[in-house]
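# Kindly return the folded structure for what I paste below:
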Amino acid sequence: MRKLLILCLLTAGNFLFAQRAGYWQQTVDYKMDINVDDNNYRYDGKMSLAYSNNSNQNLSKVYFHLYFNAFQPGSMMDYRLSNITDPDRRMIKNIGTSDKPKTQSKIATLTPDQIGYQNIQNLTVNGVAANFTIDGTILEVTPSKPILAGETVTFNMEWDAQVPEQIRRSGRNSAENVALSMAQWYPKMAHFDEFGWHLDEYVAREFVAPFGNFDVTIHINPTYVIGASGKLQNPNEVKGYQNNATIKSKNGKASWNFKAENIHDFAWAADPKLVIDSAKSNGGVTVYTAYIPTNNEVKENWNIALKLATEFFDFCEARYGAYPWPTYSIVQGGDGGMEYGTATLVTGGRNIKSLVDVIFHEAAHSWYQHLFGINETVDEWFDEGFTSYIQDIAFQHLFERKGSLDTNPVINAYRAYYKLALSGKEEPMSLLADYYKTNYAYSNQAYNKGAVMAEQLGYIIGKENLDKTFLKFYEIWKFKHPTPNDFKRVAEDISGINLKWYFNLFINTTRTIDYSINKITDREIEIENKSDIAMPIDLLVEYQDGSKELFYIPLREMRGEKQKETYALYNDVKWTVLTDWFWTKPTYTIHLNKKVKKAEIDPTKRLADIDHTNNIKEVSK
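Numbers count the residues shown, from 1 in each chain. Coordinates of the predicted model:
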């Protein structure tokens, strides 16, 4: 009764704080007019931006990101490539030999007509000229008077830009001959929240921005086809979207108009060779593909991928919440795969498995990054890890058609995490994304350990509660900017389990988990925590008479317990909840009534135990 009362009080308290008290967020509305000189890879831009200061403080300065400025010799990104031990291979070239390689940053050798830049020509706030300075990829703006709390102001800006050689995400003439990959291409309002301004210099990691609406008009050579964020407003006037379109041009250019609501990034790609296809999901999402059909195999792969992409949105709606926008565009461009508002740029000349996998990953970012405006510069694992988790589950269901998943669906992520944990290169997951010593550590922390974080949470609170947590989190936090703590609070609300210890130790430290079965006697099993993270334990015991029993040992810090899970291997298995285990006590003894044949810690393989060799013990007859 006492334990039940504690759980009720804990749950009630958590529901009161499911959303941060006094939460607010800034909003932006972009209206842009872009005139492209495709011969010289330059464009002129005009922008009207309505900025709503919904905070409780006046802003004497505001900031924008000018990401193209990173693609210049001597930039911070250039120096980062020159000094990190394992630079991104897409961004370097070997100026040595195959036997004695010597890497050089591709940015370092860009000539003036190859670099990227964004030059601000005019900038006003409510019609009054504002002072501004540019420092690297950050534009600092000082309005003539502060933007008051609760006030909406209008920025008007004119700029000219040059599209850099394709090196990372953005660029011209990609390796697959896409003329323009336009990502992070406009002066982008920096994010301001309760933690202050987020002014990260661009060194090739990822992003954060406020939600808003986009109305973008692009004037370009009428032979070009564009795939972009948002919904095309005039498909009957441009090439590629309608068979009976009448291409309208003015001054030798066609005008494309795209609109999108409540997104925080806008990307596009353009090339005369792009072809457009589309299909609609059962839930009503129109999925567009824009790709270059270089041969029949590529064309067939994209046809299959389009069908699977529509299934993906229906699959995710049931598990993670409905995709709320009317369109999603999968556009060939860039240098790999990257998510943007209602769109992704991916490389397209892949085999079918690789193409579907990258599309599933980037489309999954529609939840963990775009529906939930996660700060990728701070909580990169929350973005990439949870996305990888969704990607893997969807891939197994929709591409591999595995049906019911009765064991760990992200076991490959666990294996990659084990390798990282034993490598000596692991750094805490809470480290800011830009500051990892190696790309190896960043990638494996963000993508793999982040996926482990999600699946292991299901081990702690129960997979059914994890499913409920995803849906409740969607209900509370869609179109907002949640932190990992917000996800933790929802999981606590749903499960009645305290998760402070788990989120702290697994995110903020590089401690590892290692449990072992020390000994089995006729009437006892002794388990030992040989590591420095304590966890609840599932111990499956098979008796000599053939019967089975699952002993569940909660952790004292949980202040609660999970219910029996619906895994097939638990069918006809007795579920016995034991007294909770103290993290201060290294061993735990289970008393038995029958002779044991075999005992196994964590039969579903969801506990991130770095040494599984001591998790199973059989008794000799």
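# what residues does stretch 298-318 touch?
Residues outside stretch 298-318 that contact it (CB atoms under 8 Å, 6 or more residues apart in numbering) are 277-283, 285, 287, 289, 291-293, 323, 328, 330, 348-352, 355-356, 359-360, 363-364, 366-367, 390, 394, 397-399. C-betas here are computed from N, CA, C, even on glycine.
# Now the buried members of these.
Those of those that meet the buried threshold are 277, 281, 285, 287, 289, 291-293, 323, 328, 330, 348-350, 352, 355-356, 359-360, 363-364, 366-367, 390, 394, 397-399, by 16 or more other CB atoms under 10 Å.
# Which of the residues you listed fall in strands?
Among the buried ones among the contacts of stretch 298-318, the members found in strands (DSSP state E) are D277, V287, T289, Y291, Y328, I330.
# which phi and psi does the residue nearest to N244 when sequence neighbours are not counted have?
Leaving aside its sequence neighbours, N244 sits nearest to N236 (CB to CB, 6 or more residues apart in numbering; 7.4 Å). Phi and psi for N236, reported as degrees, to the nearest 10, are phi -80, psi 0.
# So what's the residue count around N236?
When counting by other CB atoms under 10 Å, one arrives at 12 neighbours for N236.
# How about H591?
Neighbours around H591, by other CB under 10 Å: 8.
# Now flag whichever of the ones in strands among the buried ones among the contacts of stretch 298-318 is closest to A21.
Distance ranking of those against A21, using CB to CB, places Y328 first at 34.3 Å.
# and that closest one, what does it touch?
Counted by CB under 8 Å, 6+ apart, Y328 has contacts V285, T286, V287, Y288, A309, F313, T342, A343, A363, S366.
# what about the residue nearest to H591 when sequence neighbours are not counted, neighbour count?
In this structure, H591 finds its nearest non-sequential neighbour in E524, 5.9 Å apart by CB to CB, 6+ apart. Using other CB under 10 Å, E524 has 12 other residues around it.
# pretty sure E524 contacts L592?
Yes. Contact criterion CB atoms under 8 Å: E524 and L592 qualify, at 6.5 Å.
# just to revisit the earlier point, just the ones of the buried ones among the contacts of stretch 298-318 in helices?
Among the buried ones among the contacts of stretch 298-318, the residues falling in helices (DSSP state H) are I352, L355, V356, I359, F360, A363, A364, I390, A394.
# Show me what secondary structure element comes after the least confident helix or strand in the chain by mean pLDDT.
Lowest by mean pLDDT, DSSP states H and E among the helices and strands of the chain is helix 2-16, with a mean of 39. Note on helix 2-16: by DSSP states H and E, the next helix or strand toward the C-terminus is strand 27-37.
# any idea how far the helix or strand just after that next one is from the chain center?
Downstream of strand 27-37, the first helix or strand assigned by DSSP H and E is strand 42-52. Between the centre of strand 42-52 and the centre of its chain there are 27 Å (CA atoms, centre = their mean, to the nearest Å).
# Pairing partners for strand 42-52, with directions?
Taking DSSP bridges as the criterion, strand 42-52 forms sheet pairs with strand 27-37 (antiparallel), strand 152-162 (antiparallel).
# thinking again about what came up before, format the ones in strands among the buried ones among the contacts of stretch 298-318 as TSV; extra columns: distance to R90.
Formatted as TSV, these follow (distance: CB to CB, whole Å):
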residue	distance to R90
D277	27
V287	27
T289	23
Y291	20
Y328	25
I330	20
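# can you give me the strands for the stretch 501-621 of the chain?
515-520, 524-529, 537-543, 548-553, 574-577, 587-591, 596-601, 616-618 (DSSP state E, counting those that start in this stretch).
# closest to Y241 out of these?
Short answer: strand 537-543, nearest of the strands of the stretch 501-621 of the chain by CB to CB, at 53.2 Å.
# Where does the prediction get shaky in this protein?
By pLDDT under 70, the low-scoring segments of the chain are 1-19, 404-405.
# Determine the longest helix present in it.
Per DSSP H, the chain has its longest helix at helix 296-320.
# just the angle between it and helix 352-364, please?
Here helix 296-320 points in a direction 40 degrees away from that of helix 352-364 (axes from the mean of the first three to the mean of the last three CA atoms, to 10 degrees).
# Hmm, V577 is touching M558, no?
No. In this structure V577 lies outside contact range of M558 using CB under 8 Å: 11.8 Å.
# Which one of these two is surrounded by more residues?
With neighbours defined as other CB under 10 Å, V577 and M558 compare such that M558 has more, 24 against 14.
# Apart from its neighbours in sequence, what residue is nearest the more buried one?
I497 is the one closest to M558 (CB to CB, 6+ apart), at 4.8 Å.
# List the contacts of the one you found.
I460, I461, A491, M558, R559, G560, E561, K562.
# Next one: the closest residue to the last one other than its chain neighbours from K564, what distance?
Same thing as K562. Distance criterion CB to CB, 6+ apart; nearest residue to K562, sequence neighbours excluded, is G462 at 3.7 Å. Applying CB to CB, to the nearest Å, the value for G462 to K564 is 8 Å.
# Equivalent analysis for G321, please.
In terms of CB to CB, G321 sits 27 Å off from K564.
# ok, back up a step: can you give me every residue that contacts the residue nearest to K562?
Contacts for G462 (CB under 8 Å, 6+ apart) come out as S495, K562, Q563, E565.
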